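> Everything below, folded, please.
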Amino acid sequence: MFLLYTFFLWFCGCLLLIQSCKLLLNIMFTPRPEASGLWRVNKFDIDPRRSF
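Residues are numbered from 1 along each chain as shown. Below you'll find the predicted structure:
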């Protein structure tokens with residue numbers, strides 16, 4: 001029983017690790033729409049005449 005529980009925890013930990021790594025890679029290497037949106041907002045703050 002204990003062995004099964006340990007294996008389950010280990011498996012979940014590995015899955016979480018993989019998911020977080022994928023998330024990090026996505027954030028680092030893909031141009032996210034949220035990021036470009038934020039950048040656009042910053043641009044707008046800097047230059048108020050500029051429209052989206």
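> And the average pLDDT for stretch 17-36 is what?
Averaged over stretch 17-36, pLDDT sits at 75.
> so how far is Cys14 from Phe29?
Phe29 is 22 Å from Cys14, where distance means C-beta to C-beta, to the nearest Å. For every residue, glycine as well, the C-beta is placed using N, CA and C.
> If you count surrounding residues, which of the two has more?
Neighbour totals were compared for Phe29 and Cys14, and Cys14 leads with 10 against 7 (other C-beta atoms under 10 Å).
> Quick check: which element contains that one?
Here Cys14, judged by DSSP states H and E, is contained in helix 2-29.
> Show the pLDDT at Leu4.
If you check Leu4, the pLDDT there is 90.
> what about it, how many neighbours?
Leu4, neighbours per other C-beta under 10 Å, totals 8.
> That one and Cys14: what is the separation?
Taking C-beta to C-beta, one finds Leu4 at 16 Å from Cys14.
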